[in-house]
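>>> Just to be clear, the model below is a prediction. Sequence and coordinates:
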Amino acid sequence: MVNNEQNKIEKVVSLAKRRGFIFGGSEIYGGLGGTWDYGPLGVLLKNNVKNEWWESMVMMRNDIFGVDAAILTSVKVLEASGHVSNFTDPLVECTNCHRRFREDHLEVLDKKLLEKISKKLGREVDHIKRCPHCGGDIDLKINPSRKFNLLFKTYAGPVEDSASLAYLRPETAQGIFTNFKNILDTMRPKLPFGIAQIGKAFRNEITPGNFIFRTREFEQMELEFFVRPGEEKKHFEKWRETRFSWYTDLGINKKNLRFYDYPKEELVHYSSGTSDVEYRFNLKKEFDELEGIAIRNDYDLSHHAKSSGIDLTYFDDKENKRFFPYVIEPSAGVDRACLAFLLDAYCEEEDKEGVRMVLKLNPKLAPYKVAVFPLLANKEQLIEKAISIYKELNLDFMVAWDDAGNIGKRYRRQDEVGTPFCVTVDFETMENDTVTVRDRDTMKQERIEIKKLKSFLEGKIK
Ligand code: GAP
């Protein structure tokens, strides 16, 4: 097992690059900070994560509707939501190297060390932070932090002026609120009901980092669940539990997940409850936010109604009155979820041939569900048979093909990318139409009739 957790993230980053999961953005030109590209296996993993979310939040329910709103967003939408004036982080600059950082990401210096420096200099130094790049002083009295807006600006159309200014959305949520009336008019839902969306979001983070944990371009999976005012606490509790279980049902170890419930003084003024689902990422802190679940009351709908002049109330025919529903928002990051699933699945196990690296991903999330090998790569009849099995399975599953090197090496390669089952075609196959199926986690092999392979795999995967 990997004991050193810091080491673990480095190993996962290295595996992700080596095996085609995730590469640096614009890499051949030296990279573009805070951007990452998903490779062939990464995109399969990411799509599986998104599909699981979509299936459980939209397809399996009749009270949640999906949308896919535009990324380019009118300035008016983000003025009304408060992003244009308030979506800021505190920016500070090192007086020595002039690099810029987010103040709340700077290490808090040890109290004893601060006292020591203070004694030496003969003055208070509480306002001095250490530059993570050059080790120099960041003096918040001389250079206090300033508010830095995270919105990415662009221009819609050929003229670059204030009239054509537009933003890349900083969250998918606003595209849900601006479609609230469209959903009411077209789908005629009754409270409680939800609108869900998966898609890209963009934030000009001051200090992106920790691989795909904090990036400038990322994906979110967001639900706005509209409820009757007064019933928000009940629904909030339900969503907290539902979202926590989603991660554990997909294989995240309960020990590595926890809630952070915001105390009253940390809540934004319009929220009467917010909890983060935190994962043990072991970055600077042991636990960090994976998903936020918040009661947003009627803040968004009432602000958009006021700014747009469009009635965004709900007509309740039971009570014969109009009102703004309250909303519960479970908001998850796709990339952070991928990182959590990768970290949680990564293991190193010793066996007689050395150390095997294995991604014990839930089969639903694994990029390939099964790999097919001919035992020997130079035996025409084995290859032909293996190809026919590959083609048949490929109609229902993502299948890997590998005929390079010995079988042991092929198993290792599939273990490393999380393929739950490996099917080997050998000489016995030619006699009785059976294959060996090897299980990634137990490494046990069993003989299965080819005609039963599909139902065997379906039983294990779906
Ligand atoms: N609509 C609410 C909202 O956007 P948030 O806490 O700012 O809330 C929700 O974002 C989730 O999106 C986070 O829990 C995280 O998983 C993901 N996320 C936010 N900023 C991110 C970034 N810069 N890089 C990667 N994921 C991010």
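Okay, I see it. Numbers count the residues shown, from 1 in each chain.

>>> Residue 38: neighbour count?
The tally of other residues near residue 38 (other Cβ atoms under 10 Å) stands at 20. Just so you know, the C-beta spots here come from the backbone N, C-alpha and C atoms, and that holds for glycine as well.

>>> Could you measure from it over to the ligand?
The gap separating residue 38 from the ligand is 13 Å, by Cβ to the nearest ligand atom, to the nearest Å.

>>> if I read this right, that residue contacts residue 22, doesn't it?
Yes. Residue 38 is within contact range of residue 22, at 5.8 Å (criterion: Cβ atoms under 8 Å).

>>> who touches both of the two?
Residues touching both residue 38 and residue 22 by Cβ atoms under 8 Å, 6 or more residues apart in numbering: none at all.

>>> Identify the bridge partners of whatever residue of the stretch 301-450 of the chain ends up closest to the ligand.
Scanning the stretch 301-450 of the chain for the residue nearest the ligand gives residue 333, at 2.3 Å (criterion: Cβ to the nearest ligand atom). Counting by DSSP bridges, residue 333 is bridged to residue 220.

>>> Next, count neighbours for it.
The burial metric for residue 333, expressed as a neighbour count using other Cβ under 10 Å, is 23.

>>> per-residue confidence for it?
Among the per-residue scores, residue 333 holds a pLDDT of 98.

>>> That one against residue 218, yeah?
Yes. Under the criterion of Cβ under 8 Å, residue 333 lies in contact with residue 218, with a separation of 6.0 Å.

>>> quick one, helices of the stretch 151-300 of the chain?
Using DSSP state H, counting those that start in this stretch, the helices of the stretch 151-300 of the chain run over 173-177, 180-187, 232-249, 299-308.

>>> Compare the ones you listed and give me the one nearest residue 396.
Of all these, it is helix 232-249 that lies closest to residue 396, at 22.4 Å by Cβ to Cβ.

>>> what does the closest one contact?
Residues from elsewhere that reach helix 232-249, judged by Cβ under 8 Å, 6+ apart: 52-53, 56, 192, 223, 225, 227, 254, 257, 259, 272-273, 275, 277, 279, 290-291, 293, 295, 297, 326, 328, 330, 332, 337, 340.

>>> does the ligand sit close to it?
No. Using Cβ under 6 Å from any ligand atom, helix 232-249 stays clear of the ligand, with a minimum separation of 10.8 Å.

>>> which of the residues in that helix are buried?
By neighbour count on 16 or more other Cβ atoms under 10 Å, the buried set for helix 232-249 is 232, 235-236, 239-240, 243-244, 246-247.

>>> likewise stretch 136-152?
137-138, 140, 145, 148-149, 151-152.

>>> what's the average pLDDT for it?
The predicted model gives stretch 136-152 an average pLDDT of 90.

>>> Check stretch 99-110 too.
In this model, stretch 99-110 carries a mean pLDDT of 85.

>>> before we move on, what about stretch 406-422?
In this model, stretch 406-422 has a mean pLDDT of 96.

>>> what does it rub up against?
Surrounding stretch 406-422, the residues in contact under the criterion Cβ under 8 Å, 6+ apart are 15, 19, 21, 41, 345, 353, 356-361, 363, 365-373, 375, 400, 402, 404, 424, 437-441, 443, 457, 460-461.

>>> follow-up on the earlier one: give the contact list for the residue of the stretch 301-450 of the chain closest to the ligand.
Under the criterion of Cβ under 8 Å, 6+ apart, the contact list for residue 333 reads 218-221, 290-291.

>>> I'd like to know which of those is nearest to the ligand.
The ligand has its nearest neighbour among the contacts of residue 333 in residue 218, at 3.6 Å by Cβ to the nearest ligand atom.

>>> Surely that closest one and residue 335 touch.
Yes. The pair residue 218 and residue 335 qualifies as a contact (Cβ under 8 Å) at a distance of 4.8 Å.

>>> which residues do those two both contact?
Both residue 218 and residue 335 are in contact with residue 212, where contact means Cβ under 8 Å, 6+ apart.

>>> which of the contacts of helix 232-249 are buried?
Members of those that pass the buried threshold by neighbour count (16+ other Cβ under 10 Å) are listed as 52-53, 56, 192, 223, 225, 227, 257, 273, 275, 277, 279, 290-291, 293, 295, 297, 326, 328, 330, 332, 337, 340.

>>> Redo the helices of the stretch 151-300 of the chain as TSV? Include mean pLDDT.
Putting those into TSV (pLDDT from 0 to 100) gives the following:
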stretch	mean pLDDT
helix 173-177	98
helix 180-187	98
helix 232-249	98
helix 299-308	98
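
>>> Helices of the stretch 1-150 of the chain, residue ranges please.
Secondary structure of the stretch 1-150 of the chain, counting by DSSP H, counting those that start in this stretch: helices at 5-18, 40-54, 75-81, 83-86, 111-121.

>>> so how far is the last one from its chain's centroid?
Put simply, helix 111-121 sits 41 Å off its chain's centre (Cα atoms, centre = their mean, to the nearest Å).

>>> do the first one as well
In terms of Cα atoms, centre = their mean, the gap separating the centre of helix 5-18 from the centre of its chain is 17 Å.

>>> how about it: buried residues?
Residues 8-9, 11-13, 15-17 are the ones in helix 5-18 that count as buried (16+ other Cβ under 10 Å).

>>> Quick one: name the residues of the chain near the ligand.
When proximity is defined by Cβ under 6 Å from any ligand atom, the chain lies next to the ligand at 171, 173, 203, 205, 214-215, 218, 220, 222, 289-292, 329, 331-333, 335-336.

>>> what do you get if the cut-off is 5 Å, keeping everything else the same?
171, 173, 205, 214-215, 218, 220, 289, 291-292, 331, 333, 336 (Cβ under 5 Å from any ligand atom).

>>> For PyMOL, what selects the buried ones among those residues?
What follows is the PyMOL syntax for the buried subset of those, where burial is set by 16+ other Cβ under 10 Å:
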select buried, resi 171+173+205+214+215+218+220+289+291+292+331+333+336
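
>>> Apart from its chain neighbours, what residue comes closest to residue 277?
In space, residue 277 comes closest to residue 291 once its chain neighbours are excluded; the distance is 4.4 Å by Cβ to Cβ, 6 or more residues apart in numbering.

>>> before we move on, the earlier item: right, and out of the buried residues of stretch 136-152, which lies closest to the ligand?
Looking across the buried residues of stretch 136-152 and measuring by Cβ to the nearest ligand atom, the closest to the ligand is residue 152, at 11.7 Å.
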